[in-house]
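Asker: Give me a model of this one.
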Amino acid sequence: MNKRSNYILVVLFALSFLLGVGYAVVNSISLTVTGTASAVTEDLDVYFTSTTSGSNSKVTATATAGSLTASIKVSDLTLNETVTATYNVENNETDVAALLSQESLTNSNTEHFTVTASIDNSGYVCSKKSKTTKVTITVKMIKTPVAEADSSANITLKLKAEPKDATTVSSTYCS
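Answerer: I've put the predicted structure just below:
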């Protein structure tokens, strides 16, 4: 019986040692999580609603309905002459404002024309159609063309809209 008791005692001691070591190992593991999380937003209901004006007959301005893409074609300008096209952007969302920014501005004739785009209201478009925001494209002829083909340019402006908290934006930009 003494041999059997010693055997049981050794087995119990070994089990308690293994349990103690196992517990210490489990408690000493630290979990580190790394990575990037991002929220994907649905497309905002923000778009060009109209072209309010081109500064003269040398400008043909259009906006793609229901989108944030606008185009302007200029032709027959004289050296240093500047023309503009103005567009309205509307936000059809009921509880989200939008911050507009320029995604791209392309110019088919950079040698003869410079192009800039500006967005009124610091780029904000208020919710609920409460206020439209004006976007203006300005084109200036910087070099007199020799060939007839160089006397015109096609310009395309594409905007992007980022959602913003309407309550915060409204107090500053939408009153």
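
Asker: all contacts plus neighbour counts: C-alpha atoms, from now on.
Answerer: Fine.

Asker: count of neighbours near the residue nearest to Tyr173 when sequence neighbours are not counted?
Answerer: Using C-alpha to C-alpha, 6 or more residues apart in numbering and skipping the chain neighbours, the partner closest in space to Tyr173 is Asn121 (6.5 Å). When neighbours are defined as other C-alpha atoms under 10 Å, Asn121 has 18 of them.

Asker: Do I have it right that Asn121 meets Thr133?
Answerer: Yes. Using C-alpha atoms under 8 Å, Asn121 makes contact with Thr133 at a distance of 6.5 Å.

Asker: so where's the longest strand in this protein?
Answerer: When the chain is parsed with DSSP state E, its longest strand is strand 152-165.

Asker: contacting residues around it?
Answerer: The contact list for strand 152-165 (C-alpha atoms under 8 Å, 6 or more residues apart in numbering) reads 44, 46, 68-77, 95-109, 113, 115, 117.

Asker: Rounded mean pLDDT for that strand, please.
Answerer: The average pLDDT within strand 152-165 is 91.

Asker: For Thr136, give me the pLDDT.
Answerer: As summarised for this prediction, Thr136 has a pLDDT of 93.

Asker: what's the helix or strand hosting it packed up against?
Answerer: Using DSSP states H and E, Thr136 sits within strand 133-141. Using 3 or more C-alpha pairs under 8 Å, 6 or more residues apart in numbering; DSSP states H and E as the contact test, the elements touching strand 133-141 are strand 82-91, strand 113-119.
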